[in-house]
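Visitor: no FASTA, just this:
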């Protein structure tokens, strides 16, 4: 006897085509409960697979045929150097774009990509629960991003009509996965949504898609557990989820202009926000990518301008993966491939996957495609004829491939900053991080991410006139070497622009290499601050001196998991703060 679920699943599979073997497996299964279970899974997959399973499998057949024939998706394009900006904090162009960007904050929403666990880091929790820094308790990535949302609202309010200020808010969306959904919600609830309001945080969940075992897009089945094999579709799902969930429409209806995508553990990405919004607004770009200089051959995707050779009026400015870039450049740009420019970097800037989209046009494009971004397939073939796969494959998509929906000249650009300013993700465990350091490349470990978090503030304080004394002697932290100087937690509420930061320090201010500052509030100013050693905590309307914070190698056997993944552990001495205490708060 077939239940309604079984009948519905069979109907879906018949509509998909090429699935007769799976249909017969379901019909022939003796255990009714197993029939029900796989049928419910198929129904669920049909509802969560972008545009449904039939359309997904039709796209798969086309892409698998192209893959079998060796079709190169870049064949019709000629690569050129893209148009963009290289901004440096403190320079006039940077300051002008930041000033314009502050005006755009009222029209901005933030999308956090947070579908990953901390397993690669050696952490058992979700990555956004990791601490950005360890000199303040419970200062995790999610709190830090929430604080940015609060700070954006605060700076945007003067540009909001007075009658609308009470109800005004900055929308915040988090893309989660099955792995991170429950724990993300639990973290939000634990801290009362960090003051954002539950109704003002949108959560969208990424789902897996059916895996395929041949060029006819036959669905793979785990016969032992009698389940359809599924695999991740890629972080490009965020576009489809924003469309299907109604979030993109809601933000568009709210009159928002800019949607900013950020990654889970790159805290420095938000530092670029005001200036890159200014660039996007001035150029009216539909998409803008935060970039960093990259060396030729560096294992990092690069932004390229690809001009249609048949119709030069058509072009796309898009990320090209590093393993495809050199061959593309050698074929049609420079026979030497990815060569150095006059500054010693590649002509093609590195993609950080911090992205800015112009919402009205973005939403209209999603409506045309049902939210689907062009996909790709990468099967591992088991024979020379490319008819057998070594393991099931699936279609994938990447968020940065959105420009494939565009074709007109001048719609997409990039904004580049020095790496220290905008890019230091935490993604490698300490063993892999130490190996990277040995090779002379960034470790992308949690310890370096925290070090660079402090280093960013030290560099910016130095630029606005503070005398910052750096440590010169590196210390070994379980295979990684760092010279921790002043340790400053600069919360977004304290300052989010260069001009703001400059107004916070009057007179002659000095931080020694043994100084620490915790800056959690907006209305905090200093005049002739001089900390020789110790910590000054500025929160709850006061300034509280504390002992000196020193980073030491953690005890890899007995310390907590948080310190083990960083290989560092802060300790606070009982000694009091030494130096000239700051003057009372100044009024502007």
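Guide: Everything's here; your move. A quick note: this is a predicted structure, and the numbers were derived from the prediction, not measured. Numbers count the residues shown, from 1 in each chain.

Visitor: check contacts around residue 344.
Guide: residue 295 (CB atoms under 8 Å, 6 or more residues apart in numbering). Just so you know, the C-beta spots here come from the backbone N, C-alpha and C atoms, and that holds for glycine as well.

Visitor: For it, grab phi and psi.
Guide: Per-residue torsions, residue 344: phi 90, psi 0 (degrees, to the nearest 10).

Visitor: ok, now the one 4 residues further on?
Guide: In terms of degrees, to the nearest 10, the main-chain angles of residue 348 are phi -110, psi 110.

Visitor: And the pLDDT for it?
Guide: We have a pLDDT of 96 for residue 348.

Visitor: same question, residue 586
Guide: Residue 586 carries a pLDDT score of 34 in this model.

Visitor: Then residue 550?
Guide: Reported pLDDT at residue 550 in the predicted model: 89.

Visitor: Can you tell me the element it falls in?
Guide: strand 549-553 (DSSP states H and E).

Visitor: list the buried ones in the helix or strand that comes right after that strand?
Guide: Downstream of strand 549-553, the next assigned helix or strand under DSSP H and E is helix 561-566. Residues 562-566 are the ones in helix 561-566 that count as buried (16 or more other CB atoms under 10 Å).

Visitor: by contact count, what packs against helix 561-566?
Guide: Under the contact definition 3 or more CB pairs under 8 Å, 6 or more residues apart in numbering; DSSP states H and E, helix 561-566 sits against helix 430-438, helix 446-463.

Visitor: Show me the contact partners of that helix.
Guide: For helix 561-566, the surrounding residues in contact (CB under 8 Å, 6+ apart) are 118, 121-124, 130-131, 134, 429-430, 445-447, 450, 477, 554, 556, 569.

Visitor: give the contact list for residue 326.
Guide: Residue 326 touches 297, 337-338, counting by CB under 8 Å, 6+ apart.

Visitor: average pLDDT for stretch 313-329?
Guide: For stretch 313-329, mean pLDDT rounds to 90.

Visitor: any low-confidence regions in this structure?
Guide: Flagging of the chain using pLDDT under 70 yields the residue ranges 1, 407, 574-588.

Visitor: Most neighbours of all the contacts of residue 326, which one?
Guide: Compared across the contacts of residue 326, residue 338 has the highest neighbour count, 22 neighbours, by other CB atoms under 10 Å.

Visitor: rewinding a little: strands - which of the contacts of residue 326 land there?
Guide: In strands, judged by DSSP state E, none of those are found.

Visitor: which of the residues you listed lies closest to residue 105?
Guide: Residue 105 lies nearest to residue 338 out of those, by CB to CB, at 36.6 Å.

Visitor: Just give me the neighbour total for the closest residue to the closest one other than its chain neighbours.
Guide: Nearest non-adjacent residue to residue 338, counting by CB to CB, 6 or more residues apart in numbering: residue 296, 4.2 Å away. Residues near residue 296, counting by other CB under 10 Å, number 19.

Visitor: how close does residue 296 sit to residue 334?
Guide: Distance of residue 296 to residue 334, computed by CB to CB, to the nearest Å: 11 Å.

Visitor: Residue 267 now?
Guide: Separation of residue 267 from residue 334 (CB to CB) stands at 36 Å.
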